[in-house]
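Engineer: Compute the structure for the input listed below.
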Amino acid sequence: MKASVIYWSGTGNTEAMANEIASKLKELGADTKLVSVEEASIDDAKEAELLALGCPAMGAEELEEDYFRPYFDSIKDIIKDKKLAIFGSYEWNSGEWMDLWKNECADSGIEVVDALIAYDHPDAEALAKCRELAEKLMK
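Structural biologist: As a prediction, this is how the structure comes out:
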């Protein structure tokens, strides 16, 4: 099973989540690629059977607009048949960006297996939820 964990992180919080998800996917036997969105290619999403996309809340509860948003828009059509999980961290508001992102996926015909948010730097409980997210992707 090929998996890609593709993320953007400004402070390292979402990167910590991505590392935990990728580590668990590898432990479960997936051939896993971990890559920041700045280095990601369309093929990283296209070739994966399992996909985890991570982006923190930015601005007014939005996806990061310089790197992550253009990448996500470029892969929407090719990830409709993938097992997808989305994740990210936030430090203000209520985490509404994740609901907006899930709705955008649904409106685009993309099924999200799971969505996970962590407040600020992920603590032990949040990292355990990252491992659970990886397990859900593998089912």
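Engineer: Measure how buried residue 117 is and give me the count.
Structural biologist: 22 (other CB atoms under 10 Å). All C-beta spots, glycine's among them, are computed from the backbone N, C-alpha and C.
Engineer: so where do the strands sit in this structure?
Structural biologist: For the chain, the strands defined by DSSP state E cover 2-7, 31-36, 50-54, 83-90, 112-119.
Engineer: Highest mean neighbour count out of those?
Structural biologist: strand 50-54 (a mean of 26; mean count of other CB atoms under 10 Å).
Engineer: can you list contacts of that one?
Structural biologist: Contact with strand 50-54 is made by 1-9, 14-15, 17-18, 21-22, 25, 30, 45, 72, 79, 82-88, 133-134, 137-138, as judged by CB atoms under 8 Å, 6 or more residues apart in numbering.
Engineer: Ok, stretch 24-32 next?
Structural biologist: 1-5, 22, 50, 52, 130-131, 134-135, 137-138.
Engineer: Show the average pLDDT along that stretch.
Structural biologist: The predicted model assigns stretch 24-32 a mean pLDDT of 98.
Engineer: Quick check: end-to-end length of that stretch?
Structural biologist: Start and end residues of stretch 24-32 are separated by 10 Å (CA to CA, to the nearest Å).
Engineer: coming back round to it: closest to residue 40 out of the contacts of stretch 24-32?
Structural biologist: Checking the contacts of stretch 24-32 against residue 40 with CB to CB, the nearest one is residue 4 at 7.9 Å.
Engineer: For the nearest residue to that closest one once chain neighbours are set aside, what are phi and psi?
Structural biologist: Leaving aside its sequence neighbours, residue 4 sits nearest to residue 48 (CB to CB, 6 or more residues apart in numbering; 3.8 Å). Backbone torsions of residue 48, given as degrees, to the nearest 10, read phi -80, psi 140.
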